[in-house]
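> following is a predicted model, sequence given first.
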Amino acid sequence: QVQLVESGGGLVQAGGSLRLSCAASGRTFITDTMGWFRQAPGLEHEFVASISWNGGSTGYTDSVKGRFTISRDNAKNTVYLQMNSLKPEDTAVYYCAASTSTRWGTSLRDRYDYWGQGTQVTVSS
């Protein structure tokens, strides 16, 4: 059974940091693009960041550039999202996803085949 399990969410004050992890199991994701999305209450899923299969290419939505960093460790089948200088508007459920059809990164939600259950990030002002 393929699973993506996120961890590392929580409550943090504005300006603080969190590091999200996403552990994959059930198949190897070494050749897949991995991504992070988020969903705030009442809003659509929003692309946050993606990373190519080898970690050589990354992409971010404009609102997190310079603050968030996506990385991966293929030996551990794990992807990370380091979030610094957090703002209240970053509050959302964060989801990890894998795209089996794209190796070089994508922001398109429908390109992702596997999704985690999400982890809550709450940033207080």
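Everything's here; your move.
> what sits against the nearest residue to residue 26 once chain neighbours are set aside?
Among residues not flanking residue 26 along the chain, residue 2 sits closest, at 3.7 Å (C-beta to C-beta, 6 or more residues apart in numbering). Glycine gets a C-beta too; all of them are placed from N, C-alpha and C. Neighbour list for residue 2: 24, 25, 26, 27, 114 [criterion: C-beta atoms under 8 Å, 6 or more residues apart in numbering].
> widest-spaced pair of those?
Greatest spatial distance among these (C-beta to C-beta): 25 and 114, at 10.6 Å.
> mind listing what residue 97 touches?
Residue 97 is in contact with 4, 34, 35, 36, 37, 109, 112, 113, 114, 115, 116, counting by C-beta under 8 Å, 6+ apart.
> can you say which of those are buried?
Among these, those classed as buried by 16 or more other C-beta atoms under 10 Å are 4, 34, 35, 36, 37, 109, 112, 114, 115, 116.
> so how far is the host helix or strand of residue 12 off the chain centroid?
Assessed by DSSP states H and E, residue 12 sits inside strand 10-13. Relative to its chain's centre, strand 10-13 lies at 17 Å (C-alpha atoms, centre = their mean, to the nearest Å).
> return the distance of the helix or strand just after it from the chain's centre.
Sequence-wise, the next helix or strand downstream of strand 10-13 (DSSP H and E) is strand 18-25. Here strand 18-25 is found 8 Å from its chain centre; the criterion is C-alpha atoms, centre = their mean.
> output the contacting helices and strands for strand 18-25.
Here strand 18-25 touches strand 3-7, strand 33-39, strand 78-83, strand 92-99, strand 119-124, going by 3 or more C-beta pairs under 8 Å, 6 or more residues apart in numbering; DSSP states H and E.
> roughly how far does the residue nearest in space to the middle of the chain sit from residue 22?
Taking C-alpha atoms, centre = their mean, the centroid of the chain lies closest to residue 36, which sits 2.3 Å from it. Residue 36 sits at a distance of 8 Å from residue 22 (criterion: C-beta to C-beta, to the nearest Å).
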